[in-house]
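> Can you look at this prediction? I've put the sequence above it.
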Amino acid sequence: MDGFDNLEEEILKLSGGSLFQEKLIIKIKHLEGRFPEILKKLIEEDKFNTNDQNVFIIESAQTKLNKTAKWVKALDANLEIINCNKLNIYEEKLWLKNQLSFLPEKYLSVVGSAIHNNFTGNLLMQKNEVSILKLVEDEKIEETIKNYSAMQNHEIFDLENAIICTDFDRARKIINSIRNNNSSVPPLVSWILSKVISSCYGIKSSNGKPNLYDLGIWRDVQSEYMSFSNKIDFNQIDSLANAFLLDKSSKGIHPINSWNVLETIISDLENSLLSN
């Protein structure tokens, strides 16, 4: 349901059931601001339990509830409250370990640590990594594990800072150093490029002030990301598609000359910056 102006009227209509007695699931979204008064009123009057054929789901952005409030007491008594909290670190690691149960035990430590360290708090990205790993052919798994081992190299993390600070000469030096020790582009390098490009797209496409933390941008580099996104004209480049292609290649799924693609991405970013 969009808007709350006619909510009470709609609830009353639905309370009579449907013509063919189907079971209906009605989802009401409250995405921002104070909890609507009309919803409080309907909860207090227990209007959401008038028909067994209907199930109501209220998705709310409300983070704190006053347990002494009349409507909260009614909510607790008549409806089920489900808190959607993030997993703590231990729960997150346990979840990831279960997702990686298809891997031989000897690989769990390297792969699990690499994925968790680079996608902490982002279960979707962790799940994506697991899904890609499941597609890797058996004869290529050893090479893929070596790439995950390369994620421990702190030099790779410097690449992100070099790009968002528009120091492309330094970025190329880091890439050349990584290339000397790897036959193909390591997964973390392709992930960093995807992160930089996707995050900047997110900043540019957001309405109002972007939530940088939700975009996966740490506090200590947020100002650099904001500055970089304002300098890049993404209408002139195809780097996002190239970054995803590079990511597939680094997992052994899509064979390409990954180093050439990486150079193209860096050149696209630099040329777009210089053309502004």
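Sure, I can see it.
> Just the helices from the stretch 101-250 of the chain, written as ranges.
Counting by DSSP state H, counting those that start in this stretch, the stretch 101-250 of the chain has helices at residues 105-118, 123-135, 141-149, 154-164, 168-180, 187-205, 222-231, 239-250.
> wait, which of the ones you listed is closest to Phe48?
Comparing the helices of the stretch 101-250 of the chain against Phe48 with CB to CB, the closest turns out to be helix 123-135 (30.3 Å). From N, CA and C alone the C-beta is placed, and that goes for glycine too.
> so where is the stretch 151-276 of the chain shaky, pLDDT-wise?
151-156, 181-184, 208, 236-241, 243-256, 274-276 (pLDDT under 70).
> if I read this right, Ile175 contacts Leu262, doesn't it?
Yes - Ile175 is within contact range of Leu262, at 6.5 Å (criterion: CB atoms under 8 Å).
> So for those two, which residue has more residues nearby?
Neighbours per residue, other CB atoms under 10 Å: of Ile175 and Leu262, the larger number sits with Leu262, 24 against 20.
> mind checking the SS state of the more buried one?
helix (DSSP: H, G, I helix; E, B strand; the rest coil).
> How about the contacts made by it?
Ile175, Val185, Val189, Ser190, Leu193, Leu246 (CB atoms under 8 Å, 6 or more residues apart in numbering).
> can you do 6 Å?
Going by CB atoms under 6 Å, 6 or more residues apart in numbering, Leu262 touches Val185.
> And the helices of the stretch 101-250 of the chain: which comes nearest Ile89?
helix 105-118 (8.7 Å).
> Pull out the buried positions in the closest one.
Tyr107, Val110, Val111, Gly112, Ser113, Ala114, Ile115, His116, Asn118 (16 or more other CB atoms under 10 Å).
> now for that helix, which elements pack on it?
Where contact means 3 or more CB pairs under 6 Å, 6 or more residues apart in numbering; DSSP states H and E, helix 105-118 is packed against helix 89-99, helix 141-149.
> most neighbours per residue, which of these?
Across those, averaging neighbours per residue (mean count of other CB atoms under 10 Å) puts helix 141-149 on top, at a mean of 17.
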